[in-house]
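Visitor: coords please:
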Amino acid sequence: MKSGNRVKDGNYDDVRSRVFARARGEKRPPAGGLIRACREHSRPHAREKWHADRNPVYLLLLLLFYLPVLSLLVKVFFGAGFWQELTGFLRSKLFWNTLSFSCRQALYSAGFSLLLALPGAYFFGRFAFPGKRLLRSAMVLPFMLPGILVVLGMVVFYGNNGVLNHWLTLLFPDRGWRFTGLYGFWGIILAHVFYNFTFCLRLTGEAWERINPTLHEASALLGAGPFYTWRRITLPLMAPTLLYLFLLVFLYSFFSFTVVLVLGGYLYKTFEVLIYIEYSSRLRFARAALIAIVQLLLLAGLLYLQALSGRRRRREGLFAGTLPALKFRDYPGRTILFLFYLVFTGFFFFSPLAAVVARSFFSRGLSGGLPVLENYRLLLTDGFRFAVGRSFLSVITTSTGLAVTVSVVAVSLAYYLARLRRDRPWGKADLWLQLPLGVSFVTFSSGLFMLAGKVLPSVVLILWAQLFLAFPLIYSMLRTARRELGEPLLEAAALLGATPARILQTVELPLMRPALSTAAAYAAAFSLGDLAAVLMLGRGRVVTLSVAIYRLIGHYRFPQAIALGTIFILISLLLFLLMEGRSRPRLQDIFPRPEEAEEE
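Guide: Sure, this is the predicted structure:
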């Protein structure tokens, strides 16, 4: 009898059970095995639910995160006149000016980043088109580059004597048009949007892709227009993700350091810049620790709002169907709009990086003349080793090794805890793992050096600090993705007799692969872009790409710095292409249709 007749006779469940078991290479469980499989699947889950907050890994991470900071702040709390100094700072004009500027620029940065990302998220979430995977990998490059290189690219392209003003002079010689807003409030907003836009575009597009298109089709069949469908279906489903991203970008902009220090000088200050000034310029370590305490209090309030948004995030599984292809023949208007969007965003965000790459091929980093490889040849000479302190090959090896190690450790620990708390709402335990987002990295590195600087090697201290830097975002991403996956598919696999190890290998990990690869990419980005921890904890013996560029600029070897920055961009792109690996799995690749399996 054919499978279709069996379905008509009401035996579809029996057919599907045997087909699924055969597709997975397993025998169908005997009578009574289904109940036993349910018990085996739920028993460890129940134990994890009650003991997640007391898990040794969770407690060890809390110890690693907070012990260095507490060891530094204890001296301040028990110092003479602490409360008097704290009250005086909270009442000072400096505090309120810093708070006002930090909130305003963070608000504008988060708002513009999301507004600019939404049109692109629609196309990435609802259509398939050539080069989609490559664009998703490349769009994260601005977020992963070190701050000093990003600011360098902005100055090279948008500065007073940059490429953009050179083009405006050639195109409109009589108009006198020039872009002069880079150094100041709006220049800081521009740089923050450059950093965060692609991050918002990628995560918003992935969230949009999780919405099942059948909801829109059902709305259209009921007579609803596109705008009504977007307002009543798409926007409510996207609202938790948008709120979460807004608060996350707000946090990063609120505690911005390199961008504000370079483009704003001492006129515009965030709390991070204040801490840096107290540490490096005025050498008032107690005052810097006091500002760090105030920053922690502000962070706790912001993360509480983020935790509330996390509780509302959807728990449905991923939509794994095939998206319609974006072709001019089928969607002429949308195809043209998408091309315009790509041109605009590509010019705005990739032109600074292209300007850095282009000028690296000209002598002395100035346009004019024929392209040469002189700047790259100088990277292999003794002059580079003298300025940087290590050879070029040593710098590349150290940077790659640190990035891969931090990525593997951070993703493994974060996913372990995400699975442990998969059925629990966002709460205080998650808040403690996200608080390091706003802890001053200068404060943490100083406390870590005081705590274990004489005991542990420099490389271990740097890995410790970079794990502290990367873990909050990685955990948040994997925690959300694991909750959205849900349990029905895994419980169905358990009912069909699959062991927990086989469920993890053949069902859970393939469905979680996009989130895991994205998390690994961002963990590597944090490590590659880190400068403060390597400078403070490396003791001059550990040299990464960021430190090498910093030292080249300090030795006024600007052309070589641009050449090394170009290599940095290429390594980052290669790393992300390797981490993206295979494409997103589809449900039919894991659970084939009964008729397809029957034909086999």
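
Visitor: grab the longest helix from the protein for me.
Guide: Looking across the chain with DSSP state H, the single longest helix is helix 93-126.

Visitor: correct me if wrong: Met512 contacts Arg482.
Guide: Yes. Using CB atoms under 8 Å, Met512 is in contact with Arg482, at 6.9 Å. Where C-beta positions appear, they are placed from N, C-alpha and C, glycine not excepted.

Visitor: now the common contact residues for those two.
Guide: Tyr415 (CB atoms under 8 Å, 6 or more residues apart in numbering).

Visitor: before we move on, back to that, report the buried residues of the longest helix of the chain.
Guide: By neighbour count with 16 or more other CB atoms under 10 Å, helix 93-126 contains the buried residues 95, 98-99, 101-102, 105-110, 112-114, 116-117, 119-126.

Visitor: what packs against the helix or strand following it?
Guide: Using DSSP states H and E, the helix or strand that follows helix 93-126 in sequence is helix 132-138. Under the contact criterion of 3 or more CB pairs under 8 Å, 6 or more residues apart in numbering; DSSP states H and E, helix 132-138 touches helix 93-126, helix 558-580.

Visitor: remind me what the longest one packs against, helices and strands.
Guide: Taking 3+ CB pairs under 8 Å, 6+ apart as contact, the helices and strands that helix 93-126 lies on are helix 132-138, helix 185-209, helix 235-254, helix 271-276, helix 332-359.

Visitor: so can I have JSON lines of those showing mean pLDDT, distance to Gln434 and mean neighbour count?
Guide: Shown next, in JSON lines, are the helices and strands packed on helix 93-126 (pLDDT from 0 to 100; distance: least, CB to CB, whole Å; neighbours: other CB atoms under 10 Å):
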{"stretch": "helix 132-138", "mean pLDDT": "76", "distance to Gln434": "25", "mean neighbour count": "17"}
{"stretch": "helix 185-209", "mean pLDDT": "87", "distance to Gln434": "16", "mean neighbour count": "23"}
{"stretch": "helix 235-254", "mean pLDDT": "84", "distance to Gln434": "9", "mean neighbour count": "20"}
{"stretch": "helix 271-276", "mean pLDDT": "80", "distance to Gln434": "18", "mean neighbour count": "23"}
{"stretch": "helix 332-359", "mean pLDDT": "87", "distance to Gln434": "28", "mean neighbour count": "16"}
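
Visitor: want to throw those into TSV with distance to Ile293?
Guide: Shown next, in TSV, are the helices and strands packed on helix 93-126 (distance: least, CB to CB, whole Å):
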stretch	distance to Ile293
helix 132-138	40
helix 185-209	25
helix 235-254	16
helix 271-276	11
helix 332-359	36
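
Visitor: ok, which of these comes nearest Leu496?
Guide: Among the helices and strands packed on helix 93-126, helix 185-209 comes nearest to Leu496, with 27.8 Å by CB to CB.

Visitor: quick one: Gly181 is in a helix?
Guide: No. Assigned with DSSP: H, G, I helix; E, B strand; the rest coil, Gly181 falls outside any helix and is coil.

Visitor: separation between the closest residue to it other than its chain neighbours and Gly162?
Guide: Spatial nearest neighbour of Gly181, chain neighbours left out: Gly187 (5.6 Å); criterion: CB to CB, 6 or more residues apart in numbering. Per CB to CB, to the nearest Å, Gly187 is found 12 Å from Gly162.

Visitor: distance of the nearest residue to Ala138 once chain neighbours are set aside from Leu353?
Guide: Excluding the flanking residues, the one nearest Ala138 by CB to CB, 6+ apart is Leu573, at 6.4 Å. Using CB to CB, Leu573 is found at 10 Å from Leu353.

Visitor: got it, and Tyr228?
Guide: 40 Å.

Visitor: Tyr550 too?
Guide: Taking CB to CB, one finds Tyr550 at 18 Å from Leu353.

Visitor: in stretch 517-529, which residues are buried?
Guide: So for stretch 517-529, counting by 16+ other CB under 10 Å, buried means 517-529.

Visitor: gap between that stretch and the chain center?
Guide: Relative to its chain's centre, stretch 517-529 lies at 7 Å (CA atoms, centre = their mean, to the nearest Å).

Visitor: how about stretch 488-498?
Guide: 32 Å.

Visitor: what about that stretch, average pLDDT?
Guide: Per-residue pLDDT over stretch 488-498 has a mean of 79.

Visitor: for it, buried residues please.
Guide: Leu489, Leu490, Glu491, Ala492, Ala493, Ala494, Leu495, Leu496, Gly497, Ala498.
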